Structures are given as C-alpha cells and as structure tokens.
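J.: Task: produce atomic coordinates for the following.
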Amino acid sequence: MTGKLVKLEFPPGIFKESTEYAEEGKWFNADRVRFRDGKPECLRGYETKIDDTFDGNARDLLTWIDNSQTKRVMFGTDKKLFESHGDSLFDVTPLASTVTLTNCFGTSAGTTRVCVSDNASNTSVGNFVNFTSAGTNLGGNINLSNKTYEIVSVVDTNVYVISVTDAADATSTQAGNATFNYLISTGTSTAVEGLGYSAAKYQATVCASQTRAWNQPASAGSSGLVRQITQWSLDNYGEDVIATRRKGPIFFFDTDASTSPIRLTTVTNSPATVDSALVSPNDRHIIALGANDLAGDYNPMLVRWCDTNRRDNWTPSVSSNAGDNLLTDGTRIVGGVRSRNAVNIWTDNALWGMSFVGPPFVFKFQQLGSNCGLIAPHAAVDYNGASIWMGHDNFYINDGQVRVLPCTVRKHVFDELNLSQSDKIYAGINSEFNEIIWLYPSNNTTNNDCDKYVIYSPVGNYWTIGTTLFTTFADRYVFGNTITTGTSVAGSSLYDNEPIGFNSQTGAGETLSSFIESADFDIEDGNQLMFLNRMVPDFDLTDGNIKFSITTKDYPESTETVTKGPFTITKSTKKIDFRARGRQASIKVSTDSTEAKWRWGAIRVAFQPDGGR
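T.: Got it, this is the predicted structure:
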C-alpha cells in the first residue's frame, strides 16, 4: 500500500502562541534556524576573533573604523572595559586613583600571594590594581611592573593581597616600590532583587506605619534592596568614544592618545552620576539619560546635554546651548537609540522623541507613546528609521506610530524569560539577513546570563527562536560579519559570528546542533487515521548528514507516541521508507554534523487515510 506524495509546505517562522495541535500546518520549535525565501535553513557557525579571553560578561559592544582606517571594537563588562584592534585585546578601564609608594610589598617563600600595603587604598575584594614603575625581583623572582592584578583578599584597611603566577623564591617584608593605578571598582554581574512581596512578609511590621506596603524597604530606614547589574553605554564621538558605566561619570577614549593602552579619562565637567549616554545624530551633543542636575541631585528622569562639540561644557548660558529637560510618564529613563534626525528615549512606561530645533530651546521633546516602556537599556534598535524594541510584555515598533508588533512566539518568550535578570536583554541587527535579534536569559539559565534568543525579520515577517551563549551583538558594517561577545566554560571571548563562507557547523571549535520541528498535522480534522510510509528528501546539503524523524499519536494530549527514525540523510539519499500510523503526526529535521550546512527544499511525504479503529 503506497500513499500519495504530498509536499510539506509550512509558512515561514515559528508559531508557539498556542498548542501544537492548534498550530497545525506550521513550524512549532527550532534552534539555530532562520528562514530564507520562506524556507528554513541552519545558521552558520562562529569562531573566536582573538585568542585572548577577558574578565567578566560584556554588557555593551561598539564597532567602528577610526580615521586611520583601523577597525576597532570596544566592550564593557562588569569588571573592566576593553578595546581590541588587530589581533590584540587591551584593558582600557578608567583609573579611579594613582599613588606612588615605597617599601610596600611582602612575599612568603613558596607561595603566590603578595601582600600590598597602601594606607589610603580603600579597596575591596574583586577590584583591580595595575602596577607601573615597580621594583623587580620581589621575593627574588617576582616582577609586578606593567601588570594588572585582582585583589583576592583584604587583610585590614591598610593591607590587601594579590595572587601572582609564580611562587616567591624568598620571604620579604616592606620591600619594593611602585606606582599603584587603581581601576574603577568592579561592578555587579547578577541582579539581586529585594523589594516587592518576596523581600519579606507582605505587611510585616518593619516600618513606621507598622505595615510594609508594596516596594517598601524590608527594614525600617532602609533605602532599598535592589542591586542592579553593571551596565555600559558606548557611542562614537567622531572617531573617538564616550563610555558610561551606570551611576558613574562619562568617560572619553581618544584614539590619537600616545599612551598604550589608551585608558579612558573622565569627561571634564560632565555629570558625576549618569545612567547611560549617547551622541545626538547631527549636532554632536553628548546626551546623558538619567543624571544629576546642576545642583548635584540625581534624577532618573532627567535628560542633560553638553554644548555642541564641547564635551566639557555642560552649563547652560547665553554662549552655550547645553541644557536639560525632565521627562514624565515613568519612574526612570531606561535607554535611548538614535533614529532619523532624532533620539528616541524610553522610560519604563513611555517613549519620547528628542529632536534638535536650535536655540533657545535646543531640543524639542514629544511623547510618542505610553504603556510601551523599554524592558532593558539595550533592548531597542533602530532599523531603517523605525525603532523596534522589547517591552515588559510585548514587542513594539515606532514607524511613525507606536504599535504592538504581532509576534508568533510572544507567550513562549515572556513565559520563559528570567525577569530578575531581564536587564541583560540585548538587541542587535543582522543586516545580511534583515534580522533583529534579542538575546535574553531564560529561567533555565545556568549562569544567570543570556542563553536564549528570539529573532524577528521585518522583511520576511517571521519570528524564530533558539539557544545562545552571546551577551552582545553588533552588525557587520565594520568587519563584514556580525561581532558578538559570549561566555562559555572556556571563558569570555570576542567572536566572529557567521563569517561569510564559514561552512563548518562549529562554534569556537565545538559542534553546533540545529533542528526544526513541525506542529501536529492530520487529515480530515483527525476523523481518520493516517498511514505514512515514505519520505522523499529535498535538501540543499553541503556535506555530512542530517536526521529526519516523524512522530505519530492518536490524540492531541496523548502521552503515548511513536517515533520513526531518526533516519540519516546525505546528499545521495533518494528516499526513506518507513511505516507509521496515527491521527496526528509531526516531523523533525536535525543535525549535529560539523559539515552539514542544510536548507529545506520541497520535501514530500506519502500518506493516505487508514480508516478508524
């Protein structure tokens, strides 16, 4: 008995807003798959861009070409700030303080611990110190000069301990001298939430009113228990860069500086407390989002900007167009993105447009939408003049009108999103495939970091999902392919993602798997059983092999299923014979072969009614 061959043609995208049976005739699940001309294909792999790993997890990433045509990358982590060009990685973290001391080191023979004496250090475990002009041969063999060390313990207010590579040959006390360059303090990699119903018992008697309401501190007199992660915002100022670490000042990277590495320095007169910053599109104002005012008081809803092309002038006057503006509709500014001749600014509840109008007002502010706040500082992008972003429970677009973006995986994404770590969500653009990607942490993340992605194609109008280790994402305009950062068991690395011509299905040398799986399908609305007995493959397959399997069951909620396969398919496979029966069936295509770059064609399956039973 041979059934009639029927093409399996499903619309592009993943559909998970309902059950598998309700999404009949569609793709239901996938990993590392996109759609081209409506057909699914696997993503290309990725490889490390440079050999060096770095400290921490990256939270923002900037790529650019300077005036000498050098291609550069800068990214900030919870521990440091890094710049890369060529095959080298440089620690360019700003310095908090510098001091030169003598007779300040102590070693113990046979150990790698070095005691450091600095009565004014006021440092903590996890911070970093760089030594220059250090005396050589401490303990007989240890050289600290031009090296950076993490502080591993603090003995007391005057003494702390670092760990070096080689054990000291001899014991020494009050030895050596050096210039101490203290890097700005290490930040926070994991959000800790302490307000809300989970902080302590609701209405516990801990405050003046004898009841603790929603979002009141869990102890009397407390200022709050929420500890935000360390966030960076990076932007170009000509060929140079401004960088801001949340709740810190604005720093400046001068590509023409003669020092190596080029450490960032504080922008003179800039606000001391800034949540994020960017540069306006045409008039080159540095714009601080969430900042302290001229009196020094911090306001999370305040927008401030410097004079045109004068990054050191933040004081409004008749000779300066520096200024500020206080936004409404929300409790804090979350982030901002440049758009066409304007800047879009999101609070946690609204979208504002900021456009240059010249003196005396300099900028005009217009509220563009409400109840459409941004979920994380880097969760928005500008795509061909339209701002697209992830909110607290929906995806949105502003293409002249703010509206909810229809999403076929919305419920799936927000159900599995780890809300306590949502500040880490990062949006990027892959212009090669006209895609917008959001990296996000799920409830199953093993390291409290991004482990999933959701992709939207404004051109193909589809959504797809998958797993990842990336934490930031930059488009291909500088390097010819997207650049990412990610953290794996091997450490944190900078990656060339999907390089052109990269056919190996590997990620930094490790095999990458991909799959796509359909929702259930039936005939005659499930009134008759199906008999399936043959599959004719049609794949664009490079080398290696892919797997095909088909699963049948009698009812949508059946726990008893029968799977035929997985059958191995190569370029020479003409057909697959099998025998399967059921009211519903679903198919799955997968691969874990490093050589198998595949694309779905016009696959046909033979099936026919098989009567009731």
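
J.: hey, let's count contacts and neighbours off CA atoms from now on
T.: OK.

J.: my read: Ile65 touches Val478, true?
T.: Yes - contact criterion CA atoms under 8 Å: Ile65 and Val478 qualify, at 6.7 Å.

J.: got any residues that touch both of the two?
T.: Lys71 (CA atoms under 8 Å, 6 or more residues apart in numbering).

J.: burial count for Tyr426?
T.: 26 (other CA atoms under 10 Å).

J.: shaky segments in the stretch 501-613 of the chain?
T.: 526, 611-613 (pLDDT under 70).

J.: Just the terminal-to-terminal distance for stretch 142-158.
T.: In stretch 142-158, first residue to last residue: 22 Å (CA to CA, to the nearest Å).

J.: Now do the buried residues in it.
T.: 142-144, 148-154 (16 or more other CA atoms under 10 Å).

J.: Identify the residues contacting it?
T.: 117-122, 124-137, 160-164, 166, 168, 178.

J.: Could you pick out the buried ones from the residues you listed?
T.: Members of the contacts of stretch 142-158 classed as buried by 16+ other CA under 10 Å are 117-118, 121, 124, 126-132, 134-135, 160-164, 168, 178.

J.: Counting only strands, which of the residues you listed make the cut?
T.: Counted as lying in strands by DSSP state E, out of the buried ones among the contacts of stretch 142-158, are 117, 128-132, 160-163, 178.

J.: between those residues, which is nearest Arg59?
T.: Closest to Arg59 out of these is Phe128 (18.9 Å), distances taken as CA to CA.

J.: and that closest one, what does it touch?
T.: 148-151, 182-186.

J.: Let's see that with 10 Å instead.
T.: 79-80, 93, 95, 148-152, 162, 181-186 (CA atoms under 10 Å, 6 or more residues apart in numbering).

J.: So which of those residues are in strands?
T.: Using DSSP E, these in strands are 95, 148-152, 162, 181-183.

J.: could you measure the residue lying closest to Leu512 once chain neighbours are set aside against Glu41, distance?
T.: The shortest distance from Leu512 to any non-neighbouring residue, by CA to CA, 6 or more residues apart in numbering, is to Thr506 (5.0 Å). According to CA to CA, Thr506 stands 15 Å off from Glu41.

J.: So, low pLDDT: which residues of the stretch 201-350 of the chain?
T.: Those would be 201-226, if you go by pLDDT under 70 across the stretch 201-350 of the chain.

J.: Please repeat the previous calculation with a cut-off of 50.
T.: Scanning the stretch 201-350 of the chain with the threshold set as pLDDT under 50 gives 201-224.

J.: can you give me the strands for it?
T.: 232-237, 240-245, 250-253, 265-266, 274-279, 286-292, 298-305, 323-326, 333-339, 342-347, 350-358 (DSSP state E, counting those that start in this stretch).

J.: do you know which of those strands lies nearest Val459?
T.: Here strand 333-339 is closest among the strands of the stretch 201-350 of the chain (CA to CA), at 18.9 Å.

J.: If Asp31 is in a bridge, with which residues?
T.: Beta bridges link Asp31 to Phe515, judged by DSSP bridges.

J.: who touches it in this structure?
T.: 42-43, 452-453, 464-468, 513-517, 590.

J.: so how far is Asp451 from it?
T.: Taking CA to CA, one finds Asp31 at 12 Å from Asp451.

J.: related to what we said a few turns ago, and the buried residues of stretch 142-158, which is closest to Phe75?
T.: Checking the buried residues of stretch 142-158 one by one against Phe75 (CA to CA), the nearest turns out to be Thr148, at 18.3 Å.

J.: what bridges to that closest one?
T.: Asn130.

J.: Stretch 508-519 spans what distance, first to last residue?
T.: End to end - CA to CA - stretch 508-519 spans 32 Å.

J.: so how far is Thr63 from the closest residue in space to Asn67 that isn't next to it in sequence?
T.: In this structure, Asn67 finds its nearest non-sequential neighbour in Glu239, 6.3 Å apart by CA to CA, 6+ apart. Distance of Glu239 to Thr63, computed by CA to CA: 11 Å.

J.: in the helix or strand Val413 falls within, what counts as buried?
T.: Using DSSP states H and E, the element containing Val413 is helix 410-416. Buried residues in helix 410-416, counting neighbours by 16+ other CA under 10 Å, are found at 410, 413.

J.: Count the neighbours of the residue nearest to Asn434 when sequence neighbours are not counted for me.
T.: The shortest distance from Asn434 to any non-neighbouring residue, by CA to CA, 6+ apart, is to Ser457 (5.8 Å). Around Ser457 there are 20 other residues, counting by other CA under 10 Å.

J.: contacting residues around Ser457?
T.: Taking CA under 10 Å, 6+ apart, one finds 13, 34-35, 429-431, 433-437, 463-464 in contact with Ser457.

J.: So among the residues you listed, which ones count as buried?
T.: Using 16+ other CA under 10 Å, the buried members of the contacts of Ser457 are 13, 34-35, 429-430, 435-437, 463-464.

J.: Just flag the most distant two among those residues.
T.: Gly13 and Ile429 (17.7 Å).

J.: Would you mind writing the CA trace of stretch 447-461 as CSV?
T.: Extracted in CSV, the C-alpha atoms of stretch 447-461 (Å, rounded to 0.1, in the frame of the first residue of the first chain):
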residue,chain,number,x,y,z
ASN,A,447,24.9,31.2,34.8
ASN,A,448,22.2,33.9,35.2
ASP,A,449,23.1,35.2,31.8
CYS,A,450,21.7,35.2,28.3
ASP,A,451,21.1,31.7,27.0
LYS,A,452,18.2,32.2,24.5
TYR,A,453,17.5,34.4,21.5
VAL,A,454,14.4,35.4,19.6
ILE,A,455,14.8,36.8,16.0
TYR,A,456,12.3,38.9,14.1
SER,A,457,12.6,39.6,10.3
PRO,A,458,10.9,42.9,9.3
VAL,A,459,11.3,41.9,5.7
GLY,A,460,10.2,38.2,5.9
ASN,A,461,7.8,39.0,8.7
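
J.: Now do the buried residues in it.
T.: 448-457, 460.

J.: that older thread, surely the residue nearest to Leu512 touches Tyr46?
T.: Yes - using CA atoms under 10 Å, Thr506 is in contact with Tyr46, at 6.5 Å.

J.: Which one's more surrounded, the two?
T.: The residue with more neighbours, out of Thr506 and Tyr46, is Tyr46; 24 against 19, by other CA under 10 Å.

J.: for the more buried one, what are its contacts?
T.: Applying CA under 10 Å, 6+ apart, the residues near Tyr46 are 482-484, 495-499, 502-510, 512.

J.: What's the ChimeraX syntax to select whichever of those are buried?
T.: Here is the ChimeraX command that selects the buried residues among the contacts of Tyr46 (16+ other CA under 10 Å):
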select :482,483,484,495,496,497,498,499,503,504,505,506,507,508,512
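
J.: Closest to Val409 out of the buried residues of stretch 142-158?
T.: Glu150 (42.8 Å).

J.: mind checking pLDDT for the closest one?
T.: Note for Glu150: predicted pLDDT of 96.

J.: now it, nearest residue through space, not along the chain?
T.: Glu150's closest residue in space is Phe128 (CA to CA, 6+ apart), at 4.4 Å.

J.: Thank you, goodbye.
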